[in-house]
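Below: sequence and its predicted model.
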Amino acid sequence: MSEANASATRITPGNALRPEDIALLDTKPADAVAQYALWLGDDALILAQRLGWWISRAPELEEDVALANIALDQIGHARSFLTYAGRAWDRTEDDLAYFRREPEFRSVHLVEQPNGDFARTIARQFVVALYQWELYSRLVHSSDPTLAAIAAKAVKEVDYHRDHSIQWVLRLGQGTEESRRRMVAGLSLTWPYVEELFADHPLVDELGDAGVRPSSLREPFDAAVQAVLAEAELEVPQVPGSVGGGRLGRHSEHLGYILAELQVLAREYPGASW
Amino acid sequence: MVTVTDLRPASAVDAAAWDIAATVCDPEIPVLTIEDLGILRDAHVAATGQVLVTITPTYSGCPAMDAIRDDVTAALTGAGYDDVAVRLVLAPAWTTDWMSDDGRAKLAEYGIAPPTGTAAAGPVRIGLSVKCPQCSSLNTREMTRFGSTSCKALYVCNDCREPFDYFKVH
């Protein structure tokens, strides 16, 4: 057996992407573009951390693998966005992921919501995947070539996430009385956090054609949600929206615990590798 | 369609570096070289002697990229190039259309069904039959769209009953 065939998985040092690795442009991103990349990168990073919890706990092996794959894709998107954002401030993806404090994160409240039971995770995943697909399929036309390139890569992957969550919403919604009850409950618990995804902050005006205006995604998102829920014989929950503020660094009580787990190793042993 | 052979540099100096980089295998699919996969994008030897190799990930979160970067650096260093840099680019995004015919044949022989059809843009994803790499039956079904690595799905053959990996069109 040749050396190349010796092992399917080799352990290598976890090299951080260097800023020059996401090097489509020699110039640094404008501050507004970097802030926007933080929004998207933080959403992906926190969601990935939440999804990773399911590894070894999903209802079946295939689902374990699916949620892990989705989490891995999200980490990939987070790495690209954070690496790019960091170029504006001479910081690496690791600096941004591991050494920022809670109020410095710009993720929405939706992605930090607890996993709950499987149906609640699927409800959150359903909202995120449909939203991210609408977002990235427009961000590919960004006037910023790096954001466009990251989106072009991400949209193909999120397409799978979308399909995955839709299949589960249909299956749970039309399954047993119990699965339906849980799906309805999952959607109700998730829906208060939908509104925040589509809020336009002043940053959006500074972005111009580099970003996508969140409010412009509401209509296509609603149409896509309606179509799936109608087929699943479920209703869009009529619940009041929660107070947002994630984009301003105001988070719910959940984010601190997520960051504690995410950051402890890097903070306890700075520069550790294996 | 852009094919891998189009990418091999025309200049003899660059092509020599390319050929060395092209010997590196994907650590997760060790029968395929990075050239077969279509993730080797460029090799260039600068006037200073520095070799700049450009690669692109299959999936955003592909954990093999670090290993591939190390392996490319090691292969070129071993061949006498002292100054090697490996650059990762995201655009144009990789699709399975970049995989060489040779690579597809090697995949099938290894027991992984190669991607069917093309990834060219279109609103409808047509489900073509996936051939079982064990018994060549077209009577197969998808068990899960997410497999042992990001780029693969898990299928099972309805005839020989063997489960197998499918390198999905992407």
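Noted; the coordinates are in hand.

so how far is the helix ranked longest in chain B off the chain centroid?
Counting by DSSP state H, the longest helix found in chain B is helix B:64-78. In terms of Cα atoms, centre = their mean, to the nearest Å, the centre of helix B:64-78 is found 15 Å from the chain centre.

Same check on stretch A:239-246?
On the basis of Cα atoms, centre = their mean, stretch A:239-246 sits 18 Å off its chain's mean C-alpha point.

Now do the buried residues in it.
Neighbour-count burial for stretch A:239-246, counted by 16 or more other Cβ atoms under 10 Å in any protein chain shown, picks out A:242, A:244, A:246. (Glycine included, C-beta is placed from N, CA and C.)

Pull the number of nearby residues for residue A:253.
Using other Cβ atoms under 10 Å in any protein chain shown, residue A:253 is surrounded by 7 other residues.

Just give me the residue right at the centre of chain B.
Nearest to the centroid of the C-alpha atoms of chain B, with distances taken as Cα atoms, centre = their mean, sits residue B:37, at 2.0 Å.

Can you give me every residue that contacts that residue?
Residues in contact with residue B:37 (Cβ atoms under 8 Å, 6 or more residues apart in numbering or on different chains) are B:26, B:29, B:58, B:98, B:99, B:103.

So which of the buried residues of stretch A:239-246 is the closest to residue A:76?
Nearest to residue A:76, judged by Cβ to Cβ, of these is residue A:246 at 21.5 Å.

From chain B, how far out is the nearest residue to that closest one once chain neighbours are set aside?
For residue A:246, ignoring the flanking residues on the chain, the nearest one in space by Cβ to Cβ, 6 or more residues apart in numbering or on different chains is residue A:108 at 4.3 Å. The gap separating residue A:108 from chain B is 20 Å, by Cβ to the nearest Cβ, to the nearest Å.

burial measure for residue A:108, as a count.
26.

Close to chain A: what parts of chain B are there?
Neighbours of chain A within chain B, by Cβ under 8 Å from any Cβ of the partner chain: B:25, B:27-28, B:30-31, B:57, B:59-63, B:66-67, B:69-70, B:87-93, B:95, B:143-148, B:150, B:154, B:170.

Among those, which are located in helices?
Of the residues of chain B next to chain A, the ones assigned to helices by DSSP H are B:66, B:67, B:69, B:70.

any chance of those in a markdown table, plus pLDDT and neighbour count?
What follows is these, written out as a markdown table (pLDDT from 0 to 100; neighbours: other Cβ atoms under 10 Å in any protein chain shown):
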| residue | pLDDT | neighbour count |
| --- | --- | --- |
| B:66 | 85 | 18 |
| B:67 | 89 | 20 |
| B:69 | 92 | 21 |
| B:70 | 93 | 17 |
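
circling back: and the residue nearest to the centre of chain B, what pLDDT?
Residue B:37 carries a pLDDT value of 90.

which stretches of the chain have low pLDDT?
I went with chain A, as the question did not name one. Filtered on pLDDT under 70, chain A yields the residue ranges A:1-27, A:274.

The intended chain is chain B.
Low-confidence segments of chain B (pLDDT under 70): B:1-5, B:117-128.

can I see the domain layout of it?
With automatic domain parsing as the criterion, the domains of chain B are listed as B:4-96, B:112-167.

and residue A:188, that's in a helix?
Yes. Applying DSSP: H, G, I helix; E, B strand; the rest coil, one finds residue A:188 inside a helix.

Share the number of residues neighbouring it, please.
Using other Cβ under 10 Å, residue A:188 has 15 neighbouring residues.

ok, it to residue A:151 distance?
Counting by Cβ to Cβ, to the nearest Å, the gap from residue A:188 to residue A:151 is 31 Å.

Check residue A:260 too.
According to Cβ to Cβ, residue A:260 stands 31 Å off from residue A:151.

between the two, which one's more packed in?
More neighbours surround residue A:151 than the other of residue A:260 and residue A:151, with 28 against 11 (other Cβ under 10 Å).

Name the residue of the stretch 1-150 of chain A that lies nearest to chain B.
Minimum separation of the stretch 1-150 of chain A from chain B (Cβ to the nearest Cβ) falls at residue A:76, amounting to 2.8 Å.

Tell me who's in contact with that residue.
For residue A:76, the contacting residues are A:153, A:154, A:157, B:57, B:59, B:60, B:61, B:62, by Cβ under 8 Å, 6+ apart.

What sits closest to the fourth one if chain neighbours are left out?
So that's residue B:57. Of all residues not flanking residue B:57 in the chain, residue B:65 sits nearest, at 5.2 Å (Cβ to Cβ, 6+ apart).

My guess is the one you found contacts residue B:56. True?
No. Assessed by Cβ atoms under 8 Å, residue B:65 is found out of contact with residue B:56, at 9.1 Å.

Spell out the residue ranges of the strands in chain B.
All strands of chain B, identified by DSSP state E, fall at B:40-45, B:51-55, B:84-88, B:112-113, B:140-144, B:152-157, B:163-167.

hmm, back to that, give me the distance between the residue nearest to the centre of chain B and residue B:26.
Between residue B:37 and residue B:26 the distance, using Cβ to Cβ, works out to 6 Å.

Any residues of the stretch 151-274 of chain A in contact with chain B? List them.
So the stretch 151-274 of chain A meets chain B at A:152, A:153, A:154, A:156, A:157, A:160, A:163, A:164 (Cβ under 8 Å from any Cβ).

which among the residues you listed gets closest to residue B:83?
The nearest one, if we look at those relative to residue B:83 and count by Cβ to Cβ, is residue A:153, at 29.1 Å.

Which ChimeraX command selects the buried ones in the contacts of residue B:37?
Per 16+ other Cβ under 10 Å, the buried members of those correspond to this ChimeraX selection:
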select /B:26,29,58,98,99,103
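
Now flag whichever of the contacts of residue B:37 is closest to chain A.
Nearest to chain A, judged by Cβ to the nearest Cβ, of those is residue B:29 at 8.4 Å.

these two touch, right, the closest one and residue B:107?
Yes. Using Cβ under 8 Å, residue B:29 is in contact with residue B:107, at 7.3 Å.

For the stretch 101-250 of chain A, just list every one of the strands.
Per DSSP state E, counting those that start in this stretch, the stretch 101-250 of chain A carries no strands over any range.

farthest pair in the contacts of residue B:37?
Pairwise distances across the contacts of residue B:37 peak at 14.3 Å for B:29 and B:98 (criterion: Cβ to Cβ).

Against residue A:32, how distant is the residue nearest to residue A:80 when sequence neighbours are not counted?
Spatial nearest neighbour of residue A:80, excluding adjacent residues (Cβ to Cβ, 6+ apart): residue A:150 at 4.5 Å. Per Cβ to Cβ, residue A:150 is found 16 Å from residue A:32.

ok, those two, which is more surrounded?
Taking neighbours as other Cβ under 10 Å, residue A:150 and residue A:32 compare with residue A:150 leading, 31 against 18.
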